[in-house]
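**Student:** I'd like to go over a predicted model; first the sequence, then the structure.
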Amino acid sequence: MIYQPNIDLSKITAIDVHTHVEADAHQHTSLDRELLDASAGYFKAPVPRTPTVDDLAAYYRERNMAAVIFTVDARTALGDHPPVSSEMIAEKAAEHNDVLIPFGSVDPLNTAEAIARVHDLATNYGVRGMKFHPSLQGFDPSDRTYYPIYEACAEHGLVTLFHTGQTGIGAGLPGGRGIKLRYSDPMLLDDVAADFPTLTMILAHPSVPWADASISIATHKSNVFIDLSGWSPKYFPPQLTRAIGSMLKTKTLFGSDFPLITPERWIKDFEELGIKEEAVPLIMKDTAVRVLGL
């Protein structure tokens, strides 16, 4: 079954553009237990949770929200640890197409296979975008070695969602388990945005410690957006809070990073920021409708 969205936009209150499928029906996870525990500890999650696609659908349907769902394929960087299947995610999302929007993920370090899988996931499964995590996947996204992957994404009109800034994955472990934060400097993605003007790009998270870079890139390039996931809004850098209510109010997207942060907690803290009233519906839903082609 090829995914096609069937979301009643008049009934949903928000679109969460950043949620993780942490496990399949057999409880296989894309991260090993050490990394899952480190991430849960970083976010002070009471218990590491591993929601399946069915779990996410029920959770967001109950809240009258829609959600973009994905995993991260870091097979090579994690020593041949296989991810949750993007094909499965898309097939299950098709069963819940009233609330879920699937993104795929491919391993950039296996570039030829990644290109082939982008074409397959777009054509035969109907994914609406691709998720990249340069630090976890162990690649410099500005390296032209990976440009054919972006070309394939652009060919199919896929949205590309890139992790930027600090990551909780590996946090607190010796050497951060070898995960290099510099690969998630958003300035590396400015090259990609400039060289692929038809490629829609989302810079995920407040990009700490490079928030100013993300603000600059999103202001400069019409094909670049920012999602606000992974941080409680009360911890946003002040310059980001100012920007999302003004010059970036049409370039900013609600995202939680569920299950590590719940949308309820995120929204509660967001409401206390004092964002201009006219910007709130744009951030919570309207811009995502446009970016995702809904």
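**Tutor:** Happy to help now that I have it. Numbers count the residues shown, from 1 in each chain.

**Student:** Give me the contact list for the helix or strand of the chain with the lowest mean pLDDT.
**Tutor:** Lowest on mean pLDDT, DSSP states H and E among the helices and strands of the chain sits helix 33-42, with a mean of 71. Contacts with helix 33-42, where a contact means C-beta atoms under 8 Å, 6 or more residues apart in numbering, come from 22, 29, 31, 45, 47-50, 78, 168-173, 177, 260. Backbone N, C-alpha and C define where each C-beta goes, glycine included.

**Student:** Break down the stretch 101-250 of the chain into its strands, ranges please.
**Tutor:** 129-132, 159-163, 201-204, 224-227 (DSSP state E, counting those that start in this stretch).

**Student:** what stretches of the stretch 51-200 of the chain score poorly on pLDDT?
**Tutor:** Of all residues in the stretch 51-200 of the chain, none has pLDDT under 70.

**Student:** Tell me where it has helices.
**Tutor:** 53-62, 86-95, 111-120, 134-137, 147-155, 187-195 (DSSP state H, counting those that start in this stretch).

**Student:** Check which helices and strands the shortest one sits against.
**Tutor:** Pointing back at helix 134-137 there. Judged by 3 or more C-beta pairs under 8 Å, 6 or more residues apart in numbering; DSSP states H and E, helix 134-137 is in contact with strand 159-163.

**Student:** Would you mind writing the CA trace of the strand it packs on as CSV?
**Tutor:** What follows is strand 159-163, C-alpha atoms only, in CSV (Å, rounded to 0.1, in the frame of the first residue of the first chain):
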residue,chain,number,x,y,z
VAL,A,159,11.3,17.4,2.3
THR,A,160,14.7,16.9,3.9
LEU,A,161,14.8,17.1,7.7
PHE,A,162,18.3,17.5,9.2
HIS,A,163,19.3,17.2,12.9
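
**Student:** So what's the gap between that strand and the chain middle?
**Tutor:** Computed by C-alpha atoms, centre = their mean, to the nearest Å, the chain-centroid distance of strand 159-163 equals 6 Å.

**Student:** Count the neighbours of the residue lying closest to Val53 once chain neighbours are set aside for me.
**Tutor:** Computed as C-beta to C-beta, 6 or more residues apart in numbering, the closest residue to Val53 that is not its neighbour in sequence is Lys92, at 3.7 Å. Lys92 has 23 neighbouring residues, counting by other C-beta atoms under 10 Å.

**Student:** My read is that Lys92 contacts Asp54, right?
**Tutor:** Yes - with contact defined as C-beta atoms under 8 Å, Lys92 reaches Asp54; the gap is 6.8 Å.

**Student:** what touches both of the two?
**Tutor:** By C-beta under 8 Å, 6+ apart, no residue touches both Lys92 and Asp54.

**Student:** what's the helix or strand for the spatially most central residue of the chain?
**Tutor:** Residue closest to the average C-alpha location in the chain (C-alpha atoms, centre = their mean): His18, at 4.3 Å. Element membership of His18 [criterion: DSSP states H and E] is strand 14-20.

**Student:** And the contacts of that strand?
**Tutor:** 51, 56, 60, 65-71, 101, 161, 202, 204, 227, 229-230, 253-260, 263, 267, 284-285, 288-289, 291-292, 294.

**Student:** What of stretch 211-221?
**Tutor:** Contacts for stretch 211-221 (C-beta under 8 Å, 6+ apart): 164-165, 185-187, 189-190, 193-194, 197, 203, 206-207, 224-226, 237, 239-240, 243, 247-248, 251-252.

**Student:** Which residues lie in contact with Leu100 in this structure?
**Tutor:** Val53, Leu56, Ala57, Tyr60, Ala66, Ala67, Ile69, Lys92, Ala93.

**Student:** so who does the closest residue to it other than its chain neighbours touch?
**Tutor:** Once flanking residues are discounted, Leu100 sits nearest to Ala93: 4.2 Å by C-beta to C-beta, 6+ apart. Counting by C-beta under 8 Å, 6+ apart, Ala93 makes contact with Tyr3, Val53, Ile69, Leu100, Ile101, Pro102.

**Student:** Quick check: ChimeraX command selecting the buried ones in those.
**Tutor:** In ChimeraX, a selection of the buried entries from the contacts of Ala93 looks like this (16 or more other C-beta atoms under 10 Å):
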select :3,53,69,100,101,102
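
**Student:** Tell me the one among the contacts of Ala93 nearest to Pro82.
**Tutor:** Nearest to Pro82 among the contacts of Ala93, counting by C-beta to C-beta, is Val53 at 17.0 Å.
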